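Visitor: here's a sequence, model it:
(one chain, ligands or ions: 1)
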Amino acid sequence: MHAGHGQVIELSSEGGNTQARIACPANLIPAPGQYLLAGSASPLDPLPVPLFSTESTPFGFTAAPPVPSAWMPGTNLSLRGPLGRGFTLPHTARKVALIPFDDDASRLRGLMVPSLNQGAAVVLLGDSDMGNLPDAVEVQPFTALEEVLAWAEYAAFDVLRESLPGLSKRLGGSNWAAAGKEAQVLVQTPIPCGGIGECAVCAVTFKSGWKLACKEGPVFDWEEVFA
Ligand code: FES
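Guide: Residues are numbered from 1 along each chain as shown. Next up is the predicted model:
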């Protein structure tokens, strides 16, 4: 974990949401699924906010929406991170499914280029405008979920904490480990303290007990979430 400074370079719209290009030292760039805590001097944003990367850029990264509305190009940021546990893309995976259960693919986009670079075919599920994607990424509607999961060797989910029961119900007790597949789940929660204050606002309850998304996640293995 590092601490340093960054700056908002550019704001842009992606799929109707505002994302921010952030300049920062290389050692602060979060890997897919990890996050930074970012604070500005603005009195409108007194608390730091978690930033997830959609893609690395030459001098930083592009932060997934939402970003604070007070941020403008030139806003200086204090940054702490990378924090949390990110995705672990199996290097043998040649069929990768990206599944934003709540229809926001931004936190999964960082897996696209690494997957394509290792020769994998990538399918993204979504029913809304997914913005600019690499040409090789295939988009399928959410009705194809079961078909895509049967095809995939590795699946990465992004789901709101409150949507976990709905995801479990939709999947109907699929046993990925028994099928020789791997899957991971990014569980979205508020992350106000990043584990420093042990506020437990980010706690996620699983059958085996509760875990802190800020430190033990926000990416969990499939077995941790649904076993
Ligand atoms: S965000 Fe405070 S303990 Fe996780």
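Visitor: let's verify Glu146: helix, strand, or coil?
Guide: helix (DSSP: H, G, I helix; E, B strand; the rest coil).
Visitor: again with Leu79
Guide: strand.
Visitor: show the contacting residues for the nearest residue to Ile9 once chain neighbours are set aside.
Guide: Nearest non-adjacent residue to Ile9, counting by CB to CB, 6 or more residues apart in numbering: Arg21, 4.5 Å away. Heads up, the C-betas are built off the backbone N, CA and C, glycines and all. By CB atoms under 8 Å, 6 or more residues apart in numbering, Arg21 lies in contact with Val8, Ile9, Glu10, Leu11, Ser12, Thr57, Gly60, Phe61, Thr62, Ala63.
Visitor: cool, Ala64 as well?
Guide: Neighbours of Ala64 in contact, by CB under 8 Å, 6+ apart: Gln19, Leu51, Phe52, Ser53, Thr54, Ser106, Arg107, Arg109.
Visitor: for beta bridges, what are the partners of the first one?
Guide: Here Gln19 sits in beta bridges with Ser12, as judged by DSSP bridges.
Visitor: can you list the residues of this structure near the ligand?
Guide: 191-195, 197-202, 212, 214 (CB under 6 Å from any ligand atom).
Visitor: coming back round to it: in helices, which of the contacts of Ala64 appear?
Guide: Among those, no member is found in helices (DSSP state H).
Visitor: of those, which belong to strands?
Guide: Of the positions in these, Gln19, Leu51, Ser53, Thr54 sit in strands, assigned by DSSP state E.
Visitor: what residues does the closest residue to the last one other than its chain neighbours make contact with?
Guide: Think Thr54. Counting by CB to CB, 6+ apart, Thr54 lies nearest to Arg109, which is 4.3 Å off, once chain neighbours are set aside. For Arg109, the contacting residues are Thr54, Glu55, Ala64, Leu133, by CB under 8 Å, 6+ apart.
Visitor: in three-state terms, label the last one for me.
Guide: Look at Leu133: counting by three-state DSSP, its state is coil.
Visitor: ranking the residues of the chain next to the ligand by neighbours, who comes first?
Guide: Greatest neighbour count in those, by other CB atoms under 10 Å, goes to Cys214: 28 neighbours.
Visitor: my guess is that residue contacts Leu83. True?
Guide: Yes: if you go by CB atoms under 8 Å, Cys214 and Leu83 touch, sitting 6.8 Å apart.
Visitor: joint contacts of these two?
Guide: Gly194, Gly195.
Visitor: which stretches of the protein have low pLDDT?
Guide: 15, 42-46, 173-179 (pLDDT under 70).
Visitor: and the helices in it?
Guide: 112-117, 145-151, 164-171, 222-226.
Visitor: what would these look like in a markdown table with mean neighbour count?
Guide: As requested, these are arranged in a markdown table below (neighbours: other CB atoms under 10 Å):
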| stretch | mean neighbour count |
| --- | --- |
| helix 112-117 | 17 |
| helix 145-151 | 15 |
| helix 164-171 | 14 |
| helix 222-226 | 19 |
